[in-house]
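Trainee: Quick one, structure for this:
(4 chains)
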There are 2 protein chains.
Amino acid sequence: MAKEKGQPEINKAFTEECNKVLTAVSDALYVIGGKWKLMIIIAMARGNNRFTELQRQITGISARVLSSELKELEINGFIEKKVTVGYPVTIEYQLLPYSHMLEELVGAMTKWGIQHREKIKSERASGGATSVRV
Amino acid sequence: MAKEKGQPEINKAFTEECNKVLTAVSDALYVIGGKWKLMIIIAMARGNNRFTELQRQITGISARVLSSELKELEINGFIEKKVTVGYPVTIEYQLLPYSHMLEELVGAMTKWGIQHREKIKSERASGGATSVRV
DNA sequence: CGGCATCCAAATAGATACTG
DNA sequence: CAGTATCTATTTGGATGCCG
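Mentor: Numbering: from 1, shown residues only, chains lettered A, B, ... in the order given. Sure, this is the predicted structure:
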């Protein structure tokens, strides 16, 4: 139902709401999409503030990629780079308040990711064809 | 704080929780990451069930990409392809119950995306350097 | 330690044309 | 309408080496 040509006003409201959501999600994916950005923010929220710490915590990220992702996160107002001058110069990345607005999103994604892995596991027991990277 | 070497047990609990979240988010991104999968599910949840409808609703997706994304969504248990034999054969895609588990995630992402666009807009008024695709 | 430069491989996606 | 095929362009990212 809801696809006949009879009631165009109903479809129109649906289409507008749909467009709104699509635009918003598309916006979100544009800034925090990709494999790494959210992961970096998550790791930083747990106290990993140094370049090398982040590289160690986030499995599989290379220095080149980490470096460029940090730059983008900085440009987009999620993090800040702090250079402390001293005998060994230390460089730390700090989350800015704006990144805390991602907490709800991260929470939802975490929850879903856990559920999904459970689902895959129970399907493995039977014999479904699904995909998770190992 | 929380980076000295004094209290290793505290850091350890943090690291474990961190790994758990990172794994979950990584899992989630693996299945629903990319530009299109969530968008397709959103559009389908609003009554777009035909190939061409989806292509019209989702700005910028090509037939080739839509086709392959639909296949992956089917493999991963989010949607189902229904072929109705008849004089004009009709093909419809239906969301499966599993895809409804994404609603909370989609909601959080929508909310964030809207907030982000607002933020960018108000920054444009002053003169920040951020990025949104136009 | 915190990167940048370079090179290269692979994934992703756009354009276009064609089909039953 | 619902795709497939092909070819190409762009993006992404891994590996390695180097630098202050």
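Trainee: okay, CA-based contacts and neighbour counts for the rest of this
Mentor: Will do.
Trainee: Now the worst-scoring helix or strand of chain A on mean pLDDT: buried residues?
Mentor: Lowest by mean pLDDT, DSSP states H and E among the helices and strands of chain A is helix A:8-32, with a mean of 84. Buried residues in helix A:8-32, counted by 16 or more other Cα atoms under 10 Å in any protein chain shown: A:11, A:14-15, A:18-19, A:21-32.
Trainee: quick one, helices of chain A?
Mentor: Shown for chain A, the helices assigned by DSSP state H span residues A:8-32, A:37-45, A:51-57, A:63-75, A:97-100, A:103-126.
Trainee: Quick one, which of those helices gets closest to DNA strand C.
Mentor: Closest of the helices of chain A to DNA strand C is helix A:51-57, at 3.7 Å (criterion: Cα to the nearest atom of the strand).
Trainee: who in chain A is up against DNA strand C?
Mentor: A:Arg50, A:Phe51, A:Thr52, A:Glu53, A:Ala63, A:Arg64, A:Ser67, A:Ser68, A:Thr90, A:Ile91, A:Glu92 (Cα under 7 Å from any atom of the strand).
Trainee: Any residue of the least confident helix or strand of chain A touching DNA strand D?
Mentor: No: residues of helix A:8-32 contacting DNA strand D under Cα under 7 Å from any atom of the strand: none, with a closest distance of 8.7 Å.
Trainee: Up against DNA strand D, what does chain A have?
Mentor: A:Gly34, A:Lys35, A:Trp36, A:Gly60, A:Ile61, A:Ser62, A:Ala63, A:Arg64, A:Val65.
Trainee: Can you pull the phi/psi pair for the second one?
Mentor: Same thing as A:Lys35. phi -70, psi -30 (degrees, to the nearest 10).
Trainee: list the contacts for it?
Mentor: Residues near A:Lys35 by Cα atoms under 8 Å, 6 or more residues apart in numbering or on different chains: B:Ser26, B:Leu29, B:Gly33.
Trainee: Make JSON lines from the residues of chain A next to DNA strand C and add neighbour count to it.
Mentor: Output for those, formatted as JSON lines (neighbours: other Cα atoms under 10 Å in any protein chain shown):
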{"residue": "A:Arg50", "neighbour count": "16"}
{"residue": "A:Phe51", "neighbour count": "15"}
{"residue": "A:Thr52", "neighbour count": "12"}
{"residue": "A:Glu53", "neighbour count": "13"}
{"residue": "A:Ala63", "neighbour count": "13"}
{"residue": "A:Arg64", "neighbour count": "8"}
{"residue": "A:Ser67", "neighbour count": "13"}
{"residue": "A:Ser68", "neighbour count": "11"}
{"residue": "A:Thr90", "neighbour count": "11"}
{"residue": "A:Ile91", "neighbour count": "14"}
{"residue": "A:Glu92", "neighbour count": "14"}
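Trainee: pLDDT at the residue nearest the centre of chain A, what is it?
Mentor: In chain A, the centroid-proximal residue (Cα atoms, centre = their mean) is A:Leu38; its distance is 3.3 Å. As predicted, A:Leu38 sits at a pLDDT of 92.
Trainee: how much space is there between it and A:Ala45?
Mentor: Remark: distance between A:Leu38 and A:Ala45 (Cα to Cα, to the nearest Å) = 10 Å.
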